[in-house]
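1. predicted coordinates and the sequence they were generated for:
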Amino acid sequence: TGVIHYFYIEDWQYVNEYRHPVSVRKIFPDPNGTRLAFIDDKSDGFVYCPVNDRLYEIPNFSPTIKGILWENWPMDKGVFVAFDDDKVYTYVFHKNAIQGSKIILAGGTEVPFSHKPLLLYNGELTSQTQSGKTNNIYLSTHSFLGNLKDFGPNELTQMLTQTLMLKRFSEAWEVCRLLNDQSGWNELAKACLHHMEVDFAIRVYRTSGNAGMVMSLEQIKGIEDHNLLAGHLAMFTSDFNLAQDLYLASSCPVAALEMRKDLQHWDSALQLAKRLAPDQIPFISKEYAMQLEFMGDYINALAHYEKGITGNNKEHDEACLAGVAQMSIRMGDIRRGVNQAIKHPSRLLKRDCGAILESMKQFSEAAQLYEKGQYYDKAASVYIRCKNWAKVGELLPHVSSPKIHLQYAKAKEADGRYKEAVIAYEHAKQWDSVIRLYLDHLNNPEKAVNIVRETQSLDGAKMVARFFLQLGDYGSAIQFLVMSKCNNEAFTLAQQHNKMEIYADIISSESTTNEDYQSIALYFEGEKKHFQAGKFFLLCGQYGRALKHFMKSPSTEDNLAIEMAIETVGRAKDEALTNQLIDYLMGESDGMPKDAKYLFRLYMALKQYREAARTAIIIAREEQCSGNYRNAHDVLFSMYSELKTQKIKIPSEMATNLMILHSYILVKTHVKRGDHMKGARMLIRVANNISKFPSHIVPILTSAVIECHRAGLKNSAFSFAAMLMRPEYRNKIDLKYKRKIEAMVRRPDTTEAEEPTTACPYCAFQLPECELLCPGCKNNLPYCIATGRHMVRDDWTVCPHCDFPALYSEFKNMLQTENICPMCSERINVVHLKKINDCTQYLKPEDRD
């Protein structure tokens, strides 16, 4: 009759009944009796679960099926087979799937002829043969039960599909491990989610390194609500419609709304919000409106922005009102949109609405919004487009874009308002236009000239040059032509109006090409202006011609031509030219020898320091003979310093001459300071070398007698007085002192204190303090530039400028009154004087020839 009764023997009563629409032909309960399969009169197969009174149809059920066997292996409860005469079909009952319970066909296995299936245990089918014996065969759907290591990747992939169909996850794990392929692990993880095996899924995702899924599953694994958990898992497998249905059937239907919001499915979210959370409608409306605006559906976007206004959430409402303003403008309701944008506090909204209006060619409204939003550059450029110059003028102080200033300037110039135009051109940094207006319209050439000088504008310089040309001021015109790099025009102009000197001066201060220099040189050569011709031949590197002109140049007081000739030879580094100049300086070409100082300079320019040193000694000797002792001292000192810098040995004659001249110069300093003993000692040294001072023998000896007398050195005074009594000197003595000196010789007093001794800095031998040759070690001793005495180790300093040594205590004392170095004449501040404790570096044996 189609009725199935469940009867419980222990209680001896019916517990359940099921009425089928048609009569039932065969029933097959599973080993526990909690499920049964049956075949009805229509030859359809079903599985019935009495626990929840649910019926599931068996898919692809063949009408020839004779019977059904349930799997007896306790771990595989949902598997059963249906068999007919020649085939066995394996089915699996998926009870806990996300989509709900269902039955699937896993595969079929051929059965040998006239075998009758009796028992199914873990994929092994026991059948009875014709002879009554039993025979075991493995189902094709359970091929993974053998030794997996014997199979290749293709077979393993098929086996993975079988294990997942049969929910044999442990075996699937082994297959994935052997395959070691990411897609295999992903398949397994998906199947676990499908069957709601959350813990196993976590294990799989952890193995495949998907941290995001592990964390997401960890968060939901404790959920007890079956539908809610299934909803989450459906969402993870991207089946969003199923997830929504499951969420809505769960105890937390709002999850469906949250999901749609996260997916930005705003239309679905709005439908759900109406039912589940009306308070969220404004916020979803705003988001939906933004999406519609992006897609260009402005009508609906406007409607949703309006729905989004809450009246109590300031930030959200401002965003909605901004949307309303923009959508109104786009829909053509410009007045409403502009008013809304002006009322709105946001500058950005004003800019965006302005841009929309500008694209719609609504320039005056666009400019108004830009101005309100303080986008002055944009506002000005839009006002320019609608030719509203008055407004542009108002905004100019706030505008930074040169382009706008330029447009305004052009407009003002066209109107003949040149002063305003000039200011705008200046702001636009269009200097050529500024210069043009100052010259042509405002009659202010000074300003134009200043601007050209400041900006170095080439076109501007050309305009100024043209202006001066019209005035007939050729010098200024040449200057500005050169500045505008029009050298040829400038040269021609200079030639025509005889202004070559001006052109030459300007050119030589610019960095110019050799051709320009050469053309000037040739012009001066034609004019027989040898000095200028030489100067420009030198600039363009034609040293031979330059030298020829310098040597032809008439001599002037400062002898600049010779100086230039020396510079030419120094640059040329050509022996023939050098010899030519030396002959000229020696006077071999014209029989007039030139001053030796030029020869000295020539050798210095050629870096021939030894020859320079010899020449310096000759010059110093000449200066000495003429009585110019300071000049001689300076020549020797500069040469001495140069040789020291070049690390060349210093000729001993030079060193000795410098020492004697320096001693002579120190006399004045000591006498002026009233230190007669030091003055006398220096004069004794000078008088002992009196032959070096031929033009002042008598005055020097006279001074020596007087100073020695004052200092109590009677014996020395007497010996110099005796020298003065020689007939060649006697008549030259100053009458003031003559009688005293004669008396000194008549009544000699030879008492004299011994000169104090100090230690030699090399060997510590005690010798008189003004003695410069040590009897102990035979070294020439360095002398103090302040006193002329020899140096001592424990009182050592040097001049910060010329590096010559001095006794620290004496030099410091001297600088209290004189703040100038007696050797190099540079100013010295006492503060910069440092005492040197270790003077070893200054005590190398003298570098002298």
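-> Cool, got the structure.

2. mind checking how far residue 140 is from residue 826?
-> Note on residue 140: its distance to residue 826, by Cβ to Cβ, to the nearest Å, is 112 Å. From N, CA and C alone the C-beta is placed, and that goes for glycine too.

3. and the two? which has more neighbours close in?
-> residue 140 (15 against 12; other Cβ atoms under 10 Å).

4. pLDDT score assigned to the more buried one?
-> Looking at residue 140, its pLDDT is 86.

5. do residue 310 as well
-> Per-residue pLDDT puts residue 310 at 71.

6. run a quick neighbour tally on it.
-> 16.

7. a helix runs through it, doesn't it?
-> No - applying DSSP: H, G, I helix; E, B strand; the rest coil, one finds residue 310 to be coil, outside a helix.

8. quick one: it from residue 268, how far?
-> On the measure of Cβ to Cβ, residue 310 and residue 268 end up 22 Å apart.

9. before we move on, what about residue 119?
-> Counting by Cβ to Cβ, the gap from residue 119 to residue 268 is 52 Å.

10. what about the strands in the stretch 151-300 of the chain?
-> In the stretch 151-300 of the chain, no segments count as strands under DSSP state E, counting those that start in this stretch.

11. neighbour count: residue 119 and residue 268, which is higher?
-> residue 268 (18 against 15).

12. check residue 177 and give its pLDDT.
-> 87.

13. tell me, how many residues neighbour it?
-> Neighbour count of residue 177, defined by other Cβ under 10 Å: 12.

14. with residue 798 instead?
-> Other residues near residue 798 come to 18 when the count uses other Cβ under 10 Å.

15. surely it and residue 842 touch.
-> Yes - at 7.3 Å, residue 798 counts as touching residue 842 under the criterion of Cβ atoms under 8 Å.

16. overlap in contacts, the two.
-> 805, 836 (Cβ atoms under 8 Å, 6 or more residues apart in numbering).

17. ok, the residue nearest to residue 210 when sequence neighbours are not counted - contacts?
-> Residue nearest to residue 210 in three dimensions, not counting chain neighbours: residue 189, with 7.7 Å by Cβ to Cβ, 6 or more residues apart in numbering. With contact set as Cβ under 8 Å, 6+ apart, residue 189 has these partners: 201, 204, 205, 208, 210, 213.

18. same thing but 10 Å
-> By Cβ atoms under 10 Å, 6 or more residues apart in numbering, the contact set of residue 189 is 176, 197, 200-205, 207-208, 210, 213, 217, 236-237.

19. can you check residue 787 too?
-> With Cβ under 10 Å, 6+ apart, residue 787 has these contacts: 663, 666, 669-670, 675, 678, 681-682, 769-770, 806-807, 809-811, 813-814, 822.

20. please redo it, this time with the cut-off set to 7 Å
-> Taking Cβ atoms under 7 Å, 6 or more residues apart in numbering, we find residue 787 in contact with 678, 807, 810.

21. confirm that it sits in a strand.
-> No - counting by three-state DSSP, residue 787 is not part of a strand but coil.

22. and the gap between it and residue 747?
-> The separation that residue 787 has from residue 747, given Cβ to Cβ, amounts to 32 Å.

23. cool, residue 668 as well?
-> Counting by Cβ to Cβ, the gap from residue 668 to residue 747 is 30 Å.

24. more neighbours, the two?
-> With neighbours defined as other Cβ under 10 Å, residue 668 and residue 747 compare such that residue 668 has more, 13 against 8.

25. now do the one helix or strand the more buried one maps to, average pLDDT.
-> Taking DSSP states H and E as the criterion, residue 668 maps to helix 652-672. Averaged across helix 652-672, pLDDT comes to 85.

26. then stretch 231-240?
-> Across stretch 231-240, pLDDT averages out at 85.

27. next one: stretch 703-720
-> Stretch 703-720 carries an average pLDDT of 84.

28. need the distance between the two termini of that stretch.
-> End-to-end span of stretch 703-720 (Cα to Cα, to the nearest Å): 10 Å.

29. nearest to residue 128 among the contacts of residue 189?
-> The closest of those to residue 128 turns out to be residue 197 (Cβ to Cβ; 37.6 Å).

30. thanks a lot, see you next time.
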